[in-house]
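K.L.:
Let's see this in three dimensions:
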Amino acid sequence: MGSGYIKIYRDFLNKKEWLSEPFTKSQAWIDLINLANYRDSFFYIRGNKVEVKRGFVARSQESLSERWKWSRGKTRLFLRALESSHQIIQQKSQLINLILIVNYEEYQSQEPTEKPLNCTTESQQKANRKPYKNKNKKNKHEKIKDIYIDFSESFLKRWKIYPKKSGKKNAFIHWKKFCDDESLLKKFDKALDNYLDELSRNRERQPKDGQGFFNPDYWLGWDEQEATETLEEKMLREDRENGHV
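P.N.:
From the prediction side, this is the model:
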């Protein structure tokens with residue numbers, strides 16, 4: 001069977017043929033992707049405005065359990081497993097629970113949105129516009145075209161301090177998956193700090209290329225790791241810095 005994908009209309013996933021029996025885990029995963037917003041939206045809960053961005057699911061575990069015909073415990077364990085494998089991120093608040101599909105852009109083709117998800121204003125876009133050379137020319141007589149990519153200031157700020165600057169374009173594509181979410185930005189900054197601390201105390205470790213680190217599949221988890229240093233490691237590092245080793 002070849003690679004690629006098939007299109008499934010959203011309406012079908014709300015028909016009785018789809019919802020008539022208890023879901024398998026594969027069905028539940030497909031359904032979760034289907035339930036995610038394909039564009040930014042908002043609604044009100046008890047007078048409070050709740051914004052739901054593209055790639056987020058605004059459903060409670062109770063609602064999902066009822067839809068999938070599962071017990072609450074089974075639904076909770078399923079979502080926990082998806083989060084452990086970095087396929088989703090759960091965000092809980094007093095108003096509502098949100099679920100982010102981590103690689104949503106890989107599952108859904110880009111559809112027009114009212115606002116570009118690039119974490120920057122129009123004026124910043126013009127200021128940060130950088131040329132990118134397309135090296136995939138068909139023959140030696142074909143002129144290489146300049147493709148312009150808008151690198152946001154928030155991305156460039158983090159990119160500047162990352163040690164191995166390779167794959168900048170792909171790193172920015174990964175960046176746009178989470179850059180509009182404040183809580184994920186804090187997680188990323190924490191992950192970046194922890195990773196840089198690890199590199200500073202383990203000089204033999206080679207940094208991952210930029211496009212690899214900026215991928216949420218990689219950095220998620222680093223935000224939870226504290227770079228701890230034993231007394232022996234600290235003494236050895238200080239000896240190296242002082243030229244004693």
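
K.L.:
Please export the C-alpha coordinates of the longest helix anywhere in the chain as CSV.
P.N.:
As assigned by DSSP state H, the longest helix anywhere in the chain is helix 182-201. Below are the C-alpha coordinates for helix 182-201, written out as CSV (Å, rounded to 0.1, in the frame of the first residue of the first chain):
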residue,chain,number,x,y,z
GLU,A,182,1.3,31.2,25.5
SER,A,183,1.5,28.1,27.8
LEU,A,184,3.3,26.2,25.1
LEU,A,185,5.8,29.0,24.6
LYS,A,186,6.6,28.9,28.2
LYS,A,187,7.1,25.1,28.0
PHE,A,188,9.4,25.6,25.0
ASP,A,189,11.5,28.3,26.7
LYS,A,190,11.9,26.1,29.7
ALA,A,191,12.9,23.2,27.4
LEU,A,192,15.4,25.4,25.6
ASP,A,193,16.9,26.5,28.9
ASN,A,194,17.2,23.0,30.2
TYR,A,195,18.7,21.7,26.9
LEU,A,196,21.3,24.5,26.9
ASP,A,197,22.2,23.8,30.5
GLU,A,198,22.7,20.2,29.6
LEU,A,199,25.0,21.1,26.7
SER,A,200,27.0,23.5,28.9
ARG,A,201,27.8,20.8,31.5
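
K.L.:
domains of the protein?
P.N.:
10-107, 153-237 (automatic domain parsing).

K.L.:
Not counting residues beside it along the chain, what's closest to F178?
P.N.:
Counting by CB to CB, 6 or more residues apart in numbering, L184 is the residue found nearest to F178 once chain neighbours are left out, at 4.1 Å. C-beta here means a position set from N, CA and C on the backbone, and glycine is covered the same way.

K.L.:
burial count for the one you found?
P.N.:
L184 has 19 neighbouring residues, counting by other CB atoms under 10 Å.

K.L.:
OK, contacts around it?
P.N.:
Residues near L184 by CB atoms under 8 Å, 6 or more residues apart in numbering: I89, L100, F178, P216.

K.L.:
returning to that earlier point: tell me the first helix or strand C-terminal of the longest helix of the chain.
P.N.:
Next helix or strand after helix 182-201 toward the C-terminus (DSSP states H and E): helix 210-213.

K.L.:
Okay, buried residues for that next one please.
P.N.:
G210, Q211, G212, F213 (16 or more other CB atoms under 10 Å).

K.L.:
Need those in TSV (columns: distance to I96 and pLDDT).
P.N.:
Formatted as TSV, those follow (distance: CB to CB, whole Å; pLDDT from 0 to 100):
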residue	distance to I96	pLDDT
G210	35	90
Q211	33	91
G212	33	90
F213	31	93
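
K.L.:
any chance you could map the strands in the protein?
P.N.:
41-45, 48-52, 56-57, 88-92, 97-101, 129-133, 146-150 (DSSP state E).
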